[in-house]
Every structure is written in C-alpha cells, then in structure tokens.
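[1] Fold the stuff below for me.
(chains A, B and C)
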Amino acid sequence: MGTSKQNLDELIRKDYEHGFVTDIEADTVPPGLDEDVVRAISAKKGEPEFMLEWRLRAYRHWTTMREPEWAHVHYPPLDFQAISYYSAPKAKGAGPKSLDEVDPKLLETYNKLGIPLKEQELLAGVAVDAVFDSVSVATTFKDKLAGMGIIFCSFSEAVHEHPDLVRKYLGSVVPHTDNFYASLNSAVFSDGSFVYVPKGVRCPMELSTYFRINAKNTGQFERTLIIADEGSYVSYLEGCTAPQRDENQLHAAVVELIALKDARIKYSTVQNWYPGDEEGRGGIYNFVTKRGACRGAHAKISWTQVETGSAITWKYPSVLLEGDHSVGEFYSVALTNNRQQADTGTKMIHIGRNTRSTIVSKGISAGRGQNAYRGLVKVLKGAHDARNYTRCDSLLIGPRCGAHTFPYIEVRNPTAQVEHEATTSKISEDQLYYCMQRGISAEDAVSMIVNGFCKEVFKELPMEFAVEAQKLLGISLEGSVG
Amino acid sequence: MSAVMEPGEHYRVDFERLCGDLPGARTPWVRRRREAALARFAERGFPTTRDEAWKYTDPGVIARRAFAPAPAAAPVPAPEALEPFRIKGLDCHRLVFLDGRLAPDLSDVGALPPGVVAGGLARTLEEAPDSVEDRLGRYAGDEDNGFAALNTAFLTDGVHLHLPPGAVLDRPVHVLHLSTGAGDGTVVHPRNLVVAGAGSRAVLIETYAGLHEAACLTNVQTEVLLGEGARVEHYKLQQEGDKAFHIADTGVYLPARARYRSHVIDAGGRLVRNEIRVRLDGAGSECVLNGLYLLGARQHVDNHTVIDHLAPEGTSREYYKGVLEGHSRSVFSGKVIVHPGARYTDALQANHNLLLSENAEADIRPQLEIYADDVKCAHGATVGRLDPDALYYLKSRAIDEDAARSLLIYAFANDVLDRLPLEPVRAYLERTLTARLLHGRKVEELI
Amino acid sequence: MLSIRNLEAGIDGKPILRGLSLEIGKGEVHAIMGPNGSGKSTLAHILAGRDGYEITGGEVIYEGRNLLEMPTEERAREGVFLAFQYPVEIPGVSNIYLLKAALNAVRKHRGEGELDAMDFLKLVKDRMNLVEMDEQFLYRPVNEGFSGGEKKRNEILQMAVLQPKLGILDETDSGLDIDALRVVANGVNALRGPERSLMLVTHYQRLLDYIVPDYVHVLAGGRIVKSGDRGLALELESRGYGWIEEELREGA
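    Below you'll find the model as predicted:
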C-alpha cells in the first residue's frame, strides 16, 4: 500500500505540452528601452500622433517609478534593458488581409495548440483573435460580427479604424500611471485585442484571443480594451501558452473593460504560460493588470480565471463598481506546483448604491508551490446597501507547499454587508481511501476531489473553457460539469 | 521606514536627564538594554502608515507631539476615585500603579503562595535584577516597533508576576494602571512581566484608566512567558479617557501544552493600538484571543494580532467583535502563520463588526500564511448593520425601535462577554458597557 | 471465498490482531461480534486495504488470490466492499458522480462497457428504492450534511449499485434509530444471495434480529475465541462479553 501518497505527488506533475518553438522569421527590435524604442514601436505601427504622445507620457512616468517588491513573491531582479520590446512574425508585404495570407507556419502553430484559425474548422460560436509574440496575426468571424456593429479586431487596427473610441477609453480604467508594469505596458505595448459591442447588441458568439509567446528574450506586452455599450453583452475568452525555455520571459499585459449602463461583460482566462521546470528554471513572469469599470447602473463585470501556468503570476482582476446596482464577480482557480508562485486575487471597489460583489477563490498548492490570495473589498461612503461575499479556500497537496490569504476589507458605510470566509484543507487520506475502496484509482480520486474543490469556479466558465480548464488540472471530464 | 519627524531628539534629551534615576540604573545589563533600545528607536523612529503593520493606524498624531515623561511623584487620589474601577465581588490581589509607578498605599496584595512574586517590576530591577535578566526583553517587540523600543528605553515600572513551577494562584491579580494627569502631553511607559513556571496557574486582570480627560500617552509593553503546561488567563480592560492615546504591545511565549487566554475589552481612548504576538513553540499548546471594542465619537482602535504556530498540534482561537458609532474607526488585523513542521495545527479566527453610523469605518485584515499541509485553518469576517428582520420582528412584538436596537446591540456584544470565565468581571463589564454603549438605556429590563 | 489464516497485524507497533483465523464461504453471512477495542474495525479495514496497518503474520486468501498484496482499489474492483462506520464527506463531489465513477471502474475491470447515462440513472433509481432514499441525495456532495442514518443508507446504496461479492458492514447499526435500522436491514437482506457473502461487524445483537446470520463469531483479544450460530449472539446479549473473557482467562 502507500500508493496514495505517491499518486498525490504525481498527480499534477504533468509535462508542459505546449513547449515547442515555431521556427519563423521575426522582425524584432534589439533589446533595450529608451524613448527611441518607444518611437520606433509607434512608427512601425504607423500610429497617429496621440498614441505616440500617450506612450511617451507613460514611458517618462515609468522612468520615475521603482520596480515593486512584493512580500510573498521572490525572484531575481529583472533587467529591463535585456528585453526586446517588439517582436513580430515577418510579414510578407503589408499585414495579412485574410487568413489565406497568414504564414502557414503560424496557422500550423495554432493548430498544434488546438486553436484552428480556419473559420470553417472553428467550433461554432467562437471568434478568435490570435496574438503571436506581440502582434495580432488573425482575427476570425470579423465580417459576421461587423454585420451586427460589433468591432472585434487587433488593437493596431482599432487605432487606425476607430481612433475616437480608442482615444476615449484607452487608459480610462487603467491609467498610464497606474503601476510599474502597467506604465511599462502603456509605453511599449505592441498589439492586443479590441472589442466594441454597440448599444443593445448581444454578441452571438464567444470572442477569444489566444496569446502565444514564441521569440526568445522578448517580453509580451499586449493591451486589450473591451467596451460594452448600454444594454449589450459580450463573453470574452483568453488563453495563453509559451515555448519551454530556460530563461524567464516577461508578460506584462493590461486589460481594460468598460461596461456602460445595463451592459454585461464576462471575461474568462485560462492561463497556461510555461511554468518553468521542476527546479524553477525558466517560465513566464506573468505581471498583469486587469481592471473593469461598471460605468452605469445595472452594469455587470465578471472575471473568471484558471491560472495553472507561469513561474510567477501576479494579477488582480478588479472591478470599479461605479454605477448603482452594478455587479462585480471574481471566480478564480490558481494552481501552483513545483516552484511556481501565484499571488492573485481581486479588488472590488464599491462606489455606487446597491452594488454587489462576489469573490470565490480556490487555491491549490502542490510541490513547493506558493499560492497567495490577496484581495481588497472597499465600500466607500456613498455606496449604500453594498454587499460583498467572499470565499477563499486553499487546498494543500504535500508538506512543502504554502497557501496564504491576505484579504483587506475596508468599510465606510453602515448599510454595507460584507462577509468573508476562508478555509485551508488538504486532501485527506480518509477521502482517498474511501474512493479507492469504491474501486476508483488514487489518481482519479485526487482529480475528483480537486475538481469538486474547484466546481464553483468551473461552472462559471464557458463550456469550451471548462473542458480545457479541467484537462489542465488533470481531471477526467465525464459527468463533472454542469 | 522613515520617521515623521526627528524622533530621537527630545526623547534622547529626556533619556539623558532621567536615566540615572530609572530603575536598575546601577545594573549594567539594564542600562545597556535601555541604551540599545534608544538607539534602535533613533534608527527606526515611530512607525508610519507606510509600514504594512500600521497601514490603517497613523501614529503621526503621536509622533508629532513631544510627550514629556510623567512626573515621578503623582498626586495620590482619594480612595473613592478608584471605586469605579474596582470589580465588585472579586476577591483578588490588588496592585495600583499611578502614572506608571506602583502605589503601595493603594495596593493590597495580601498573602501569596510560597515563591510567588506579585509586585512592581521596578523593585525587582532594584533589588533582584538577576532574577529577570534572561527573561525581560526576550519576547519584546523592540526590533520591529519603535514604540516598544521606546518603552524598553524608558521602562519605569509595571507588574512583575512570577510563579514558580506548579504554583497555583487561587485569586486573580487585579492591576489598576491609572493616569492621574490633569494636563495634556505626558507619557508613561509601563512594563509588565509575567513568568509562569511549568504547570502553574494564574489569572491576571489589568485595567487601564485615567482620572482626568487628558491627551496623555500610555505606551505599555507586556511579556508573558509560560512554562510547559502552565495556564494564564489575561484580561485587559481599557477604559482610558476620551482624549488618551494607548499603545500596547504584548509578547507571549507558549511551550508544550501551555495555555494562554486573552480577553481585551476596549471601551475608552482616542487612539488605541493593542498588538499581541503569540508564539506557540511547543506541541499541544493553546491560545485564545478574545476581544470586544465599543467605539463612538472619534475613537480609533486597532487590534493587531500575530500568532506563530511553530510546533505540532497547536490550537489557536481568535474571536473579536466590535460595535462602531459616531466617527469611530476600528481596525482588526489578525495574522496566523503556520510554520513548516507545525502539523495538525488548528487555527480559527473570526472578526465581526457592527457599523451603526454613517461615519464609522471598519477595516479588517485577516491573514493566513500556511507552510505545513496537515492543518485546519479558517477565518471569517463580517461587517454589517443590525439585522432589519430582527428589528422588525422585535417591533412586531411591541418593542419600540430604540429598545429593539439596544437589545440587538447588547446581544451582539454580549456574545464576547459570555466567553469570559470570571463571573465578577463579566458582570462588571456588562454594567460598564451597557451604560456606555446604550446611552444608559436599561437593557436589563428587556432581557 | 475468503480465508483468513493466523492473521497478525497492528498499528504503530501495537499488536491488535493476534493470530485471527476465519473462513467465509460463498453466500454465507457471518457476524463478527466483540467488545470495544477487540479489533473488529481493524479487521474490516485490513480486508478493505486501509493504509497504516502493519501485517506481521498470517495470510488472507480471497477467491484464490493473496488479498493483502492487492491495492485498495483493485480489491474493490474484485468485489470487496466495505460499508464504513464513519463515511467521509467529500465536498463538491456529488454522490451520483462518485457512484458513476466507481461503477464504471468496477465494470471496466470486469471487462464490461461503461453504462450510458440513461441506463445508469435507471439502475441507481432502482437501487434507491431498496434503501428508501430520496433522489435529491444523488445530487448532494458525498455525505456532506447527511445525518447519521442518511450516511448509512448511502453506504448500502453504494453496495447495491456496485454488487460486490463480499460485503463488509462495519458497525452499520451504530447511530441508527429503529426505523432507519429496519430500512438499512431490508436493503441488506435484498442483497443476500448465493453469490454474495456478508460480514457484519457489530457490537450489539439487535442488528442480527433484522439480518439473520448463518454464523456468529466472537472476536476478543485479536482472535476469534468462540464461534456458533445465532444462539451465541443471543447469549452474548443476555450475558454480555464478560463471561467469554473469563472463560478465556480460565483457559489460559
């Protein structure tokens, strides 16, 4: 006997499946960062003056900032001059006009990742924008969406085609001065996705961006901006992978969501960047700023994330609940194994009346993984009848990992109701034995228990993502969703 | 950490002037520790809100003032003045400290079991300093906290409770720390040392109060060192005046099977900070921290607890509740760290707040840091108002709005008092608190 | 079908079973009775394959194979079922999911295909009638928030679905009121048959009023010290366990 312990250790020690490198010619600026690099990036993208100005303001502000030091995240200092801030697959002539013009090697890469970009092969109901290193390479179903007035395109394209929208909303939720990595992103971001859903339109399919870091020594700095106009609805999915490399790579994205009156945005992430090997060599530093603003009454923003990759994850998808009766949600599963570190959580800032927020965070620590939930629930003076419910659970697998919970609760209104619960547990030998006595293998039993632990979060994911999320956790799917 | 002002200056001047008269002045180790603490303070200064541990409590209002040491010869108050702070029906060993110094005439220690010391720490430092050399300062907060360092530098007097192994104190020790200052701007630095030998038992009740409304600072530090299997029950009733500043730091050490229970009740003070650090360093040790704060006007009370589980099978329980009125603000910060190897740790923490006014604010920061896998840890926190359904229900039973509210508030707070094992203390607090919190409304009639 | 020979086992160096021998034939119902601490539950868990016991001597042959060398889940798949005295709670995992995963694991082992959702549900609902369980229990997390009686019924439901060859019921009667006991016993009786053996581990005789055993054994000091028919159980009820211990002392 004694099989269960061994199985516990082996459970999530699965090799990284997306670790291959695509051999493709890239247009990469030399490592280093100064004003000229910022200008070069802007020039390569042929940006209008206002964008260059904005980037430069961000860059100048960034130079005055200090790299943050976080209490529970440990890594050697980054050399920002050794990173290349722009890498794009070399285009043959101008950018691809249609999928037929996309380099076949790129299409092959995405096929390998299980994300076919050929529209006819796509799952019905998902439109994909694929971001390879720093630039968007293909956006599918564009025309169909355009027919409904929905704009779904690369950020670069939006800068050219919809400058007024970009100008109005860019930096309105995450200002260029927000934090060290957000400022850096504002200065050097090269591409990303842009979504605008017009008044009263319910986007008929999931919109999806797939991020892929390929080139060596590059940072990926993409920028996503989603605007849901009054009464509209959109569900957006984000997935990420990177090749297996011994060096650490930086991913510092910014995502801004704006939900106007009665609008709803659902943003789901399955993050599976390369986590580094068992000894902690290599892996992505995932330092991301994600924030949404409920700008009108009855607006709703919902973040769901499954974080299994990256050497270090540092992100707090947040919601500013400005409109009365607006709703913010955060559902998270974060798994750390080997020497991964995750410091993630959310901020729910209650500003309007009758605002509601729900936080459900599930942290799973295995190996020497360190998993921290850090969150803020703030109820401002004017936020009458605000409600928050928070639940943070940690599951520990093995004696060398760590699970930490750091919630901050600040309440300045007596009509608020804020509830916070946190628990820590491990998979008990008794639970495993019970399942095994029913004929279920230890591995399946662990999967089942982990899956049960994460259930509240998985049910928030769109079906396609729930499948991927469970696969990522090494869980057999059957009968467990829904 | 940056100081708000040059803090060393006038404290150093005061220190130079006073150090020859402070207790233990002729004992080299005492003097060395005072000087080291002052140097530490000069280096670090007072904490600021940039320090994570002081994020919600700004010590600037204290740091910016130049508090002067309270004069050595405090006017002795009439015995009646002490009456409100006596706990009726409590048969106890009584110690009274006036402005941080033992007042033998007001104290009544009575008979003690052999080997037990219950007196002033100043006297110990003068007469038998060697008996505390390796204990005093062992679990002090001097390293991290400028206030604690300042306390060590200026240490004047405080309770020294010493129990040899196996000693059992049948009667509680009640210590009244009274500030007599009629004017603003004085500071006292009480220092308490509790050493409870293996298997010993004691109950310590401390009351902190002022005779006058004055903007004085009490900067107290307490160290509680338990032996294996020892049990100490520690009550702290903080009833300082509405202008008073009260900063307290308590360090507790628990070896195997030791049990420490703390009950901190805050009713007074303008700015109050209670820091409690507990180290569960032996298998099967247990710690209970209970707290209740009832705040109004512009009171600010910060309860800051850190529990380190360093050994297997430790149990910790924290239960803090607060009622906030007026412009008051409460902070609860509770950190539980389960270190590698502290298997089978069982830690629970709860903090519940009742906000009764538009202008009150509650900040909560429960924290769990877990580095061992076979543990059971949980925390819960809530902020809310009186339950409208309960109010409605009571009103539908013919109880008027005011009375219904009072009743519900009382029930909320009384939940903590119910956990106090000593009946006379519970009764005393019920009287004091209902008078304070419920604006004199007689809840007794309703329950 | 099951042959236990001179089994010696303990935990943390402390011996519990000291040379226990027992033969259970196909279709037989055996009751194992004994005072508290005599090793009854230990025996049940050693047969089921719980971690942590040290086997220091003897052997257990199940259907011609060395049971003690088989991993826990394989024993279950080969038809050894333990109804737990204290069934564990598994938050987030629904009862029906556990049942389905277990049944399919067992079926796969037997070389049978997985049941489709409709057939599975039909089977489970049918078996639920046996223990008078409400359908809503299927969708609740395993044992979470169940009363003592509900947990025990759930154990019998699992047995009814998995159809083991050897059912071991560990103190299934403990914590049950008389109505729940009747329901559980009816469920167990319905599962009796020529191909299925049962081992009832119990402290009290009253379970045996409802599930009548073929043999009764008294376990004391880690050994079977007395065997008989149902009459032995009745005698134990009227006289307690003391006289057996006395007899043993006299014998020694």
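[2] Show me which residues of chain C sit near chain A.
    Residues of chain C lying near chain A by C-beta under 8 Å from any C-beta of the partner chain: C:48-51, C:71-73, C:75-77, C:81-82, C:84, C:87-88, C:90-94, C:96-98, C:100-102, C:105-106, C:109, C:117, C:141, C:158, C:162. Glycine gets a C-beta too; all of them are placed from N, C-alpha and C.
[3] Mind doing that once more with 6 Å?
    Neighbours of chain A within chain C, by C-beta under 6 Å from any C-beta of the partner chain: C:48, C:50-51, C:71-73, C:76-77, C:82, C:88, C:90, C:92-93, C:97, C:100-102, C:105-106.
[4] Flag the helix or strand of chain C with the lowest per-element mean pLDDT.
    When the helices and strands of chain C are scored by mean pLDDT, DSSP states H and E, helix C:242-251 comes last with a mean of 75.
[5] Just list the residues touching B:Arg279, thanks.
    B:Arg279 makes contacts with B:253, B:308, as judged by C-beta atoms under 6 Å, 6 or more residues apart in numbering or on different chains.
[6] Local confidence estimate at it?
    The model reports B:Arg279 with a pLDDT of 97.
[7] so how far is C:Ala83 from it?
    Computed as C-beta to C-beta, to the nearest Å, the B:Arg279 to C:Ala83 distance reads 45 Å.
[8] show me where the stretch 201-350 of chain B has helices.
    Assigned by DSSP state H, counting those that start in this stretch, the stretch 201-350 of chain B shows no helices.
[9] all strands of it, in order?
    B:201-210, B:217-226, B:231-239, B:245-254, B:259-266, B:271-280, B:286-295, B:300-309, B:315-324, B:329-338, B:346-355 (DSSP state E, counting those that start in this stretch).
[10] Using a markdown table, please lay out these together with distance to A:Arg57.
    Converted to a markdown table, the strands of the stretch 201-350 of chain B look like this (distance: least, C-beta to C-beta, whole Å):
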| stretch | distance to A:Arg57 |
| --- | --- |
| strand B:201-210 | 54 |
| strand B:217-226 | 46 |
| strand B:231-239 | 51 |
| strand B:245-254 | 44 |
| strand B:259-266 | 48 |
| strand B:271-280 | 41 |
| strand B:286-295 | 45 |
| strand B:300-309 | 39 |
| strand B:315-324 | 43 |
| strand B:329-338 | 37 |
| strand B:346-355 | 41 |
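[11] hang on, the earlier thing: and the least confident helix or strand of chain C, which residues are buried?
    Within helix C:242-251, the residues that count as buried by 16 or more other C-beta atoms under 10 Å in any protein chain shown are C:244-245.
[12] Please save the CA atoms from it in CSV.
    Extracted in CSV, the C-alpha atoms of helix C:242-251 (Å, rounded to 0.1, in the frame of the first residue of the first chain):
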residue,chain,number,x,y,z
GLY,C,242,-17.5,-10.7,30.4
TRP,C,243,-18.1,-14.4,30.6
ILE,C,244,-16.2,-15.0,27.5
GLU,C,245,-13.2,-13.1,28.8
GLU,C,246,-13.4,-15.1,32.0
GLU,C,247,-13.6,-18.4,30.1
LEU,C,248,-10.5,-17.3,28.2
ARG,C,249,-8.6,-16.5,31.3
GLU,C,250,-9.6,-19.8,32.8
GLY,C,251,-8.5,-21.5,29.6
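[13] mind listing the helices in chain A by residue range?
    Ranges of helices within chain A are A:3-11, A:35-44, A:49-63, A:104-112, A:142-146, A:155-161, A:163-169, A:180-188, A:429-437, A:442-458, A:463-472, based on DSSP state H.
[14] Which of those helices has the highest mean neighbour count?
    Highest mean neighbour count among the helices of chain A (mean count of other C-beta atoms under 10 Å in any protein chain shown): helix A:180-188, with a mean of 26.
[15] And the contacts of that one?
    Where contact means C-beta under 6 Å, 6+ apart, the residues beyond helix A:180-188 that reach it are A:38, A:41, A:55, A:58-59, A:61-62, A:65, A:67-68, A:85, A:174, A:176, A:221, A:252, A:254, A:287, A:289.
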